[in-house]
Every structure is written in C-alpha cells, then in structure tokens.
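Peer 1: Predicted model and sequence below, questions to follow.
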Amino acid sequence: MLRHQAAGYFRRASGSYVTRKESEPNDQALRPRAGGFVVINLADETVKHRQTIDSNDRQARSLVKDGPLNVLLMMLKAGAGLSERRTRGPITVHLLSAAIRFLTGSQQVTLAAGGMLALDRDVAHSVTALEDSSVVLTTAIA
C-alpha cells in the first residue's frame, strides 16, 4: 500500500525502497534495490534542475541508472538543441513542459507538454527547444 506524503513522495506502508530525497546529498542517479523500486518526484527534480541551467543552454542529469536503463532529466533553453545523433538502443522522449521540435530524416514532429514519442535504435534524429523545456529521456542500451 502506498501513502502520499506532504513532500510529494510516496512511502510504502511496509518494506523499503529509495526516494530521491534520500540521495540528495550526493545527487547521483538512483538504482533500484534488488526486487525493489525507486520513487522520484519529477516536479521537484525539475525545479531543482532548472536552477542549474542559467549558465548553459542545456543541462542533463541521470535520475535512474540500472544496467541498460538510463532515465535522464534534460533542461533545454529556447533555441538550444541536440545535433543529429543515433542511439544504440530504443529511446522515449517525454516532454514535461513547453515544446520541442524532433527531427528524424525528413520527418518533423512538434512535441508539446505531456507528449511522448518512442524511437527505435539507430535512427538519425535531432532536437530543438522551441521554448525553455523540460524533457525526460529514457534509453535502453544493451
């Protein structure tokens, strides 16, 4: 059973798991314990991460890293982007706020807040932020 707590995190009535709050001193990516899970409040992470982007046009930080799984929070200032690249595994891009343009070859998609796309491995793609944007990027690279 899960219960909501004031800080926006959930606590399990019995058993243990890791929350982002418990790792704040070293601010490293979380890794689920064997047979367990991690809980992250994306709103809190976005606010905290947004404060570090002032000197850069983009910033990224791993939230969860476990074997081939990597979940990153990316902040992109308007006009910033990622040049064309390919990934060794499939990815998902979940836009938390604002809007980005996602290009794959001759196809272009404008993704708005709440939108999500999935991309197969080895597909050339690039990203441009149309506004200051928060993105969760999930990669699964074997």
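Peer 2: Received it, and whenever you're ready, just let me know what you need.
Peer 1: and Val64, that's in a strand?
Peer 2: Yes - Val64: assigned to a strand according to DSSP: H, G, I helix; E, B strand; the rest coil.
Peer 1: got a list of what it touches?
Peer 2: By Cβ atoms under 8 Å, 6 or more residues apart in numbering, Val64 lies in contact with Ala29, Leu30, Arg31, Pro32, Val38, Ile40, Asn70, Val71. The C-beta positions use only the backbone N, C-alpha and C, and glycine is treated the same way.
Peer 1: buried ones in the lengthiest helix in the chain?
Peer 2: Longest helix of the chain, by residue count under DSSP state H: helix 42-50. Residues of helix 42-50 classed as buried by neighbour count (16 or more other Cβ atoms under 10 Å): Leu42, Glu45, Thr46, His49.
Peer 1: What of stretch 85-105?
Peer 2: Neighbour counts using 16+ other Cβ under 10 Å place Thr87, Pro90, Ile91, Val93, His94, Leu95, Leu96, Ser97, Ala98, Ala99, Ile100, Phe102 of stretch 85-105 among the buried residues.
Peer 1: Does anything pack onto the longest helix of the chain? Which helices or strands?
Peer 2: Judged by 3 or more Cβ pairs under 8 Å, 6 or more residues apart in numbering; DSSP states H and E, helix 42-50 is in contact with strand 58-66, strand 69-76, strand 91-97, strand 133-140.
Peer 1: That'll do, ta.
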